[in-house]
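A.B. asks: What follows is a predicted protein model with its sequence.
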Amino acid sequence: MEFIPLSHRSSVFVSFKEYILLLRWKWGDSVKNTNYLLIGKGRNSGEVLKSFENCPYVVSCSCSKEFLWVNFKLPVDHKWWLEGAEEDPVNTLGLESVEVFELSRISGESAFSEGKTEGLLSIAPCGSDCLQCPLYSSRCGGCPETVYFGRNETK
């Protein structure tokens, strides 16, 4: 299969989504996924970022000036998708250069962002004591894992 340039992806992208849904329906979660980081460089990195925002395989994406970082979680047999972008970044993504790295571990979703904090600790997991911190009384609302979170009216 050939990597489809983003400008021509809309109809193919829908069928690709359907294909993955069928895979999940047929094999459930037994499909092995691997994490990849795509780092790209190009003047249009912001436009490329927008094209990835709703991709079901994107864990997170961000850009700054001409740089783009996209974290993917893909089935192992779909690595070719990213390899195509790495081999020909100009014609696939419209970027000057692309590098893809397989990641052994991703740690990014915090318990707070998933709504799973309990706020029972007196000392934050990082070792900070909110009551002793000068920022707690001026700018910070406290760590979500501590009993102090949200108790302080920040300026």
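C.D. replies: Yep, it's here.
A.B. asks: Three-state assignment for Gly84, please.
C.D. replies: Under DSSP: H, G, I helix; E, B strand; the rest coil, the three-state class of Gly84 is helix.
A.B. asks: Relative to Val100, how far out is it?
C.D. replies: The spacing between Gly84 and Val100, counted by CB to CB, to the nearest Å, is 10 Å. For the C-beta atoms, the positions are set from N, CA and C on the backbone; glycine is no exception.
A.B. asks: now Asp88
C.D. replies: Going from Asp88 to Val100 by CB to CB gives 13 Å.
A.B. asks: Which of those two has more residues huddled nearby?
C.D. replies: Between Asp88 and Val100, counted using other CB atoms under 10 Å, Val100 has the larger neighbour count: 19 against 13.
A.B. asks: Sticking with the nearest residue to Leu103 once chain neighbours are set aside, tell me its helix or strand.
C.D. replies: Computed as CB to CB, 6 or more residues apart in numbering, the closest residue to Leu103 that is not its neighbour in sequence is Asn35, at 4.1 Å. Assigned by DSSP states H and E, Asn35 belongs to strand 33-41.
A.B. asks: Now do that strand: which elements does it pack against?
C.D. replies: Here strand 33-41 touches strand 67-75, helix 79-87, strand 97-103, going by 3 or more CB pairs under 8 Å, 6 or more residues apart in numbering; DSSP states H and E.
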